[in-house]
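Trainee: Please work out how this folds:
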Amino acid sequence: MTRAKTHTCKFMHIKNTFELPPFLSTHGESVRELIGESAGPNSAQHSLAFIEIAPGKSSLEHFHPVAEESYYILEGEARIVIEEEEYFMKPHDCVCIQKNQKHQIFNTEVNTLRFLAVCVPPWTKECSIFS
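Mentor: Predicted coordinates for the structure are as follows:
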C-alpha cells in the first residue's frame, strides 16, 4: 500500500500532516491546519488541525464566539481548563468545548502532546479571542 501524499483533485484533498508547514507560536505550540481556510478551499462546514505542544508549554487562554471546538488526544497527557474547571486528558480522550467557553490546554509531560482540533463552523483567525 502506498502512503498518501498531499494531493488535490476535482473531488478530494488528501493531505499528509508532516508535509504541511506548521504555524509555530512563541509559546510552544505548533499548528498544522489540515482542513480549513488556510489549508485551501476544502470544507465550508468544519476545520481540522493537528496540534503539537512542547513539554511544559500550553496554548494561550482563549475562546471562540462562533465555533464549537473538539479536541482528540493522540499522544501525551494534558491538563485542560475550561471556564476555570480543570480536567486531565490522556490518549483517546476527547472533549467538546462550546462557543464562548474560555479554555486552555497544557502539556503536563516530558514528551510532546499531540492532538486533533475540530472547529464547527471552520476556524478563522478572527475566530479566536485571547484573554
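Trainee: C-alpha from now on. contacts and neighbour counts both.
Mentor: Noted.
Trainee: Strands of this protein, start to end?
Mentor: Secondary structure of the chain (DSSP state E): strands located at 7-8, 13-14, 23-24, 29-35, 47-53, 62-63, 68-75, 78-82, 85-89, 94-97, 103-107, 113-120, 129-130.
Trainee: any chance of the ones you listed in TSV, with mean pLDDT and mean neighbour count too?
Mentor: Formatted as TSV, the strands of the chain follow (pLDDT from 0 to 100; neighbours: other Cα atoms under 10 Å):
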stretch	mean pLDDT	mean neighbour count
strand 7-8	58	11
strand 13-14	74	15
strand 23-24	91	12
strand 29-35	93	22
strand 47-53	96	23
strand 62-63	96	20
strand 68-75	98	19
strand 78-82	98	19
strand 85-89	98	13
strand 94-97	98	16
strand 103-107	98	22
strand 113-120	97	22
strand 129-130	92	12
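Trainee: Could you find the closest non-adjacent residue to the spatially most central residue of the chain?
Mentor: For the chain, residue 117 is the residue whose C-alpha lies nearest the centre (Cα atoms, centre = their mean; 3.2 Å). In space, and not counting its chain neighbours, residue 117 is closest to residue 71: 4.6 Å by Cα to Cα, 6 or more residues apart in numbering.
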